[in-house]
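> need a 3D model of the sequence below.
(chains A, B and C)
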Amino acid sequence: MAMTLAALAERLGLPLAGSDREFTGLNTLEAASETEVSFLANPRYTHLLAGTRACAVILAREFAAQAPSATLVSANPYLDFARAAALFVRKQGEQTGLSPLACVHPTARLGEDCAVYPYVFIGPRARIGNRCTLFPGVYVGDDCVIGDDCVLYPHAVLMAGVEMGDRCILHSGSVLGTEGFGFTRAAGAVQKIPQIGAVVLGDGVDVGANTCIDRATLGATRVGRDTKIDNLVQLGHNVEVGEQCFLISQVGVAGSTRVGDRVTMAGQVGVAGHLRIGDDVTIGPQAGVPKDIPDGVSGSGTPFMERRTFMRNLVLQPKLADMHRRLQQLEKELSRLRESLGAGKDTP
Amino acid sequence: MAMTLAALAERLGLPLAGSDREFTGLNTLEAASETEVSFLANPRYTHLLAGTRACAVILAREFAAQAPSATLVSANPYLDFARAAALFVRKQGEQTGLSPLACVHPTARLGEDCAVYPYVFIGPRARIGNRCTLFPGVYVGDDCVIGDDCVLYPHAVLMAGVEMGDRCILHSGSVLGTEGFGFTRAAGAVQKIPQIGAVVLGDGVDVGANTCIDRATLGATRVGRDTKIDNLVQLGHNVEVGEQCFLISQVGVAGSTRVGDRVTMAGQVGVAGHLRIGDDVTIGPQAGVPKDIPDGVSGSGTPFMERRTFMRNLVLQPKLADMHRRLQQLEKELSRLRESLGAGKDTP
Amino acid sequence: MAMTLAALAERLGLPLAGSDREFTGLNTLEAASETEVSFLANPRYTHLLAGTRACAVILAREFAAQAPSATLVSANPYLDFARAAALFVRKQGEQTGLSPLACVHPTARLGEDCAVYPYVFIGPRARIGNRCTLFPGVYVGDDCVIGDDCVLYPHAVLMAGVEMGDRCILHSGSVLGTEGFGFTRAAGAVQKIPQIGAVVLGDGVDVGANTCIDRATLGATRVGRDTKIDNLVQLGHNVEVGEQCFLISQVGVAGSTRVGDRVTMAGQVGVAGHLRIGDDVTIGPQAGVPKDIPDGVSGSGTPFMERRTFMRNLVLQPKLADMHRRLQQLEKELSRLRESLGAGKDTP
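Numbering: from 1, shown residues only, chains lettered A, B, ... in the order given. Below you'll find the model as predicted:
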């Protein structure tokens, strides 16, 4: 795809300074060729501006003079880059309508203008909205409900009874509604606790590749509107996640924990079950959360601590042996001091 | 589905007190409607009893008087709830027999009353028992052996030569028998160590969604009878897990480690290779296990410690900076004390 | 499969001492039967030699006299075992040519002697080299480029525009080119940062089961030649991994981090974004890496420390409570000492 800088400037509503030309895409300041547009959002990369070969750069007014190229001055270069990039998003696939190699149960209902690829299986009584795309290998179980404008990438799986809103994206291999892990050992045998609840996703939820969201024991496992979940994440049975949360890759949240709105969990965070994580909480990478977290707290560590405490303790982790040595030294010195002052002197 | 309270009482063998009526399902004390049955297993939720709208509650005799509804008095309310829930388990799918859109190799053998969905692939010489269900996208490789009454959910994969007993459940996207990770760097190149062993599951094993169990280098990777494995777990080559173990989500066990019977590993636990974990061991979330653990030990942490040691140390993690400050303070005070007593006094 | 010891000796170029016979496979010293060959690579298992039933053992000259069986003396028993094992690798499947149940877009190009199983989907303009095998459920998106001699196991997914070299292996359920996680919260809404870059794998790369490699925001996420990635690993957008690296199971590398050559990351390691990990770095299990690591460093821990520091600190983790107790004791003793010497004496 190619377009002119002038056309881009018009689309973004930004002033173009410098000569117009055709360009073919976007790239970083370092990697851009003469036919690509770049951007400067993080001031720490300003030094790369002078050397860029990009034919134009989206950037803040204060840096415009330093650009060797045409410029598109923006009040928010990162968001305007995102808007430009949206013009270059690669549409995946060409399927339209229902492939004859898909299986749709006679009792299932499919909305208008859906694209259903080969090897898709849609079970009894499932209802799918308008303008949805179901890539090869997608499985939609009995009684599932899918809103409008959803995209289900290859091999996404919805077990029976999963419900989701509009504009949801399920990435490849994601599994929604698998049985929650409910077992007890009793009387020498393993007893299974049936998992008869559901999974309910709000509008605009993204679920990453190979991420798993378990069905509830009773009631529903819930993910709120516009929450974005990365790859390889695990949400246990009856977890409830609020709106606009970001759960980064390999996070695990154990059963029945409730997570507020606008919560961010960095990679590999683990949260124990039956907790309450407040709104606007940020949890750093690999943190282990054994207790409730009130609204608005940022932190990290195992156990989870507020950010200031965490940072002060983190730098001391590598000094534990040193602290131990100093402790031994103090014990020795104090002992010698007491001896030199005469035995028994320090007893009351 | 609807049934009467009287019918439920009869099925569970519990006395019904209060008026009979039809109900449609089970739910928590808080969420239950007038047409749902609930239960009280954990005394800490007793305060919810007064406000429940459930038409009946399964509970212990001592709490029966507090229920505003009909009651089903039980010696073990949790297990009786589980038995009630089993009556409401949603059967997934309607497939019977062999779909004409499935591929079964002519040399493969399929037992009686199996349900094989479209897009299932069964390879040469595979043998599948009676009453098995294979959902869309299941792949059964050459020479695999599957027992009776197994359920393989969408896209479960058995690479060549995997064997499993009766009543196993493989959840969506689980992968059994992929090559173990066997590589060395030698003479400037990467040398692959072929993985020619097998994977063998006992009866009643559950494998979670997107969980991976690697094929052995030689011999077999083994999972014992009635062991339950959650989602996104990794078992390396030649791992041997005993019977009735619970491996919670995102656990990783490295190659050749032997795990005893009735072991529980909480979420995100990592166990190093070539270890021996005893029977009846419980390992807390995110623990890192670098050494053998004897029978019967409960603990957590990195490195793994017995529970009592772990708990005492955990609360001190956030106090490391405080300890460091106090250590510095002591050093200063001791130094001043020695000075005030005259230099050299504390040397022998 | 059966072959004679003499034939094996010839294939490996090793001298056979002892009587020739037919054997059927390889196994460990402990588990081998009379019709199997074994090997001794690790001197710590030498004591198992006397009791083995193996009909022949591959081993170093110094141990040959202790073998009760025929011997194949080798300068590198582990590598010669690997070469022997390669003769016994189970070929998976029998597919040849293009299954009529596969979907190949008319504009896609397929090389010679490829095996394409049922339920494979190959999208527009994709180009696949010679002698590739695509197992059931493989999805190859638009414009993907796959080299020669690649194997894509069941349900491996390449989203649009992914490129890979020759001799790559994608294990079951691996997902390449899913959208990177690019979101910000702005003005009360979640803004998506489009991910319009690619994924590029060099020659000889292995990608483990259910592993995810995200597409770049701009440019490409890259994995270098002969790098081997285990199961359930996550590589974020714009990560660049060098050559001959080993990334063990459940590792996560956050966006834009550059990893050098011959780097080993053990299981469950987490690496933050925008870092530079040098060549020949080794990172121990569960380590959390918040900062750059220079070339050649081995270490572990959270935060990552050099190996010597890590080992010294690790053993003290369980002693934190003990250190705290000793610290309190010192404070008390020092206080009493000061008191016994008269108040105020230690103030300047």
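> any residues of the stretch 151-300 of chain A in contact with chain C? List them.
For the stretch 151-300 of chain A, the residues in contact with chain C (CB under 8 Å from any CB of the partner chain) are A:153-155, A:171-173, A:204, A:208-210, A:226, A:228, A:230-232, A:244, A:246, A:248-250, A:262, A:267-268, A:285-286. Any C-beta I mention is one placed from the backbone N, CA and C, and that applies to glycine too.
> in strands, which of the residues you listed fall?
Those of these mapping onto strands are A:228, A:246, per DSSP state E.
> among the residues of the stretch 151-300 of chain A next to chain C, name the buried ones.
A:153-155, A:171-173, A:204, A:208-210, A:226, A:228, A:230-232, A:244, A:246, A:248-250, A:262, A:267-268, A:285-286 (16 or more other CB atoms under 10 Å in any protein chain shown).
> can you flag which of those residues belong to helices?
Using DSSP state H, no member of these sits in helices.
> in contact with residue A:68, which residues?
Going by CB atoms under 8 Å, 6 or more residues apart in numbering or on different chains, residue A:68 touches A:49, A:50, A:52.
> again, 10 Å this time
Shown in contact with residue A:68 (CB atoms under 10 Å, 6 or more residues apart in numbering or on different chains): A:18, A:49, A:50, A:51, A:52, A:53, A:54, A:57.
> got the confidence number for residue A:121?
In the predicted model, residue A:121 carries a pLDDT score of 98.
> identify the residue nearest it in space, chain neighbours excluded?
Closest residue in space to residue A:121, ignoring its immediate chain neighbours: residue B:136 at 4.3 Å, by CB to CB, 6 or more residues apart in numbering or on different chains.
> buried residues of the longest helix anywhere in chain A, list them for me.
Using DSSP H to define each element, chain A has its longest helix at helix A:320-341. Residues of helix A:320-341 classed as buried under the neighbour-count rule (16+ other CB under 10 Å) are A:320-324, A:326-327, A:330, A:333-334, A:337-338, A:341.
> ok, and of these, which contact chain B?
With the criterion set as CB under 10 Å from any CB of the partner chain, the members of the buried residues of helix A:320-341 near chain B are A:320, A:322, A:323, A:324, A:326, A:327, A:330, A:333, A:334, A:337, A:338, A:341.
> now pLDDT too, for those, in JSON lines please.
Shown next, in JSON lines, are these (pLDDT from 0 to 100):
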{"residue": "A:320", "pLDDT": "94"}
{"residue": "A:322", "pLDDT": "94"}
{"residue": "A:323", "pLDDT": "95"}
{"residue": "A:324", "pLDDT": "94"}
{"residue": "A:326", "pLDDT": "94"}
{"residue": "A:327", "pLDDT": "94"}
{"residue": "A:330", "pLDDT": "93"}
{"residue": "A:333", "pLDDT": "91"}
{"residue": "A:334", "pLDDT": "90"}
{"residue": "A:337", "pLDDT": "87"}
{"residue": "A:338", "pLDDT": "85"}
{"residue": "A:341", "pLDDT": "82"}
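> and which of the residues you listed is nearest residue C:219?
Nearest to residue C:219 among those: residue A:320, at 40.9 Å, using CB to CB.
> surely that closest one meets residue C:311?
No. Contact criterion CB atoms under 10 Å: residue A:320 and residue C:311 do not qualify, at 11.5 Å.
> mind checking pLDDT for the residue nearest to residue A:121?
The per-residue pLDDT reported for residue B:136 equals 98.
> shouldn't it be in contact with residue B:92?
No. Between residue B:136 and residue B:92 there is no contact under CB under 10 Å: 11.3 Å.
> between the two, who's got more neighbours?
Neighbour count, other CB atoms under 10 Å in any protein chain shown: between residue B:136 and residue B:92, residue B:136 has more, with 30 against 21.
> ok, back up a step: what sits in contact with each of residue B:136 and residue B:92?
By CB under 10 Å, 6+ apart, the residues touching both residue B:136 and residue B:92 are A:123, B:153, B:154.
> closest one of those residues to chain C?
Lowest distance from chain C to the shared contacts of residue B:136 and residue B:92 (CB to the nearest CB) belongs to residue B:154, with 9.8 Å.
> for the closest one, give its distance to residue B:120.
Distance of residue B:154 to residue B:120, given as CB to CB, to the nearest Å: 10 Å.
> common neighbours of those two, please.
Counting by CB under 10 Å, 6+ apart, the residues touching both residue B:154 and residue B:120 are B:134, B:135, B:136, B:137, B:138.
> kindly present these as TSV, with separate columns for secondary structure.
As requested, the shared contacts of residue B:154 and residue B:120 are exported to TSV (DSSP: H, G, I helix; E, B strand; the rest coil):
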residue	secondary structure
B:134	strand
B:135	coil
B:136	coil
B:137	coil
B:138	coil
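> still on that earlier bit, wait, which of the ones next to chain B among the buried residues of helix A:320-341 is closest to residue C:178?
Checking those against residue C:178 by CB to CB gives residue A:320 as the nearest, at 39.8 Å.
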